[in-house]
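[1] curious how this folds, go ahead:
(2 chains)
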Amino acid sequence: DGGITQSPKYLFRKEGQNVTLSCEQNLNHDAMYWYRQDPGQGLRLIYYSQIVNDFQKGDIAEGYSVSREKKESFPLTVTSAQKNPTAFYLCASSKGTARSSYEQYFGPGTRLTVT
Amino acid sequence: GQSLEQPSEVTAVEGAIVQINCTYQTSGFYGLSWYQQHDGGAPTFLSYNALDGLEETGRFSSFLSRSDSYGYLLLQELQMKDSASYFCAVDGANNLFFGTGTRLTVIP
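    You can find the predicted model right below:
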């Protein structure tokens, strides 16, 4: 079955530590996205990538970093510079063809708690 | 900048029809998407409108009026499993900008 996997489902870290969230897709999609969701809120875009070795900042990129070395993988690092890292993180992908971002496929998410 | 407005909560009776409205302000607009998210789960794509008018997909329909910067999601024959959060999202060509969501509660 094709889909997006994120691991782990729950992650706990101490303040001041960097942490990397995994996102892998086997849908053969070109575009991938990272969102942050806080309780009762919508999804806010952190970073997105439309092609391997290229990515752009979203609305709330400060304190985060990404890489896109392979088409299938788009890991997100939450750095110690992110002031409020505790949140639900969602990874998504879309076909990447022109005007295809409207339909995104989401992974199950990683719930990060930093204390 | 971009902004979307949706009601924060809606309650409806099983078997009824409910409409969730979305108004938007954006500098770049290609269309309006709708997503459903159950508690603790991943959002799933429901519908997309690039042009004015109504799009129907089974029990769900979505409407767009570009001149009014307005859209809505219509859910018919409500079922208990439809209890979830519903998000409208503006398609800005390369990415989506999401609203804060409407929590729908379906009651017996």
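[2] residues from chain B in reach of chain A?
    B:30-31, B:33, B:41-45, B:48, B:50, B:87, B:89, B:91-101 (Cβ under 8 Å from any Cβ of the partner chain). C-beta here means a position set from N, CA and C on the backbone, and glycine is covered the same way.
[3] could you give me the PyMOL selection string for whichever of the residues you listed are buried?
    Burial among those is assessed by 16 or more other Cβ atoms under 10 Å in any protein chain shown; the matching PyMOL selection reads:
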select buried, chain B and resi 30+31+33+42+43+45+48+50+87+89+91+92+94+95+96+97+98+99+100+101
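[4] burial of residue 9, as a residue count?
    I went with chain A, as the question did not name one. 10 (other Cβ atoms under 10 Å in any protein chain shown).
[5] not quite, I wanted chain B
    Counted with other Cβ under 10 Å, B:E9 comes out at 10.
[6] how about the contacts made by it?
    For B:E9, the contacting residues are B:T102, B:R103, B:L104, B:T105, by Cβ atoms under 8 Å, 6 or more residues apart in numbering or on different chains.
[7] and it, how close does it get to B:V18?
    As judged by Cβ to Cβ, to the nearest Å, B:E9 and B:V18 stand 12 Å apart.
[8] save the contacts of B:E9 as JSON lines, and put in pLDDT and neighbour count too.
    Converted to JSON lines, the contacts of B:E9 look like this (pLDDT from 0 to 100; neighbours: other Cβ atoms under 10 Å in any protein chain shown):
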{"residue": "B:T102", "pLDDT": "97", "neighbour count": "20"}
{"residue": "B:R103", "pLDDT": "97", "neighbour count": "16"}
{"residue": "B:L104", "pLDDT": "98", "neighbour count": "21"}
{"residue": "B:T105", "pLDDT": "98", "neighbour count": "12"}
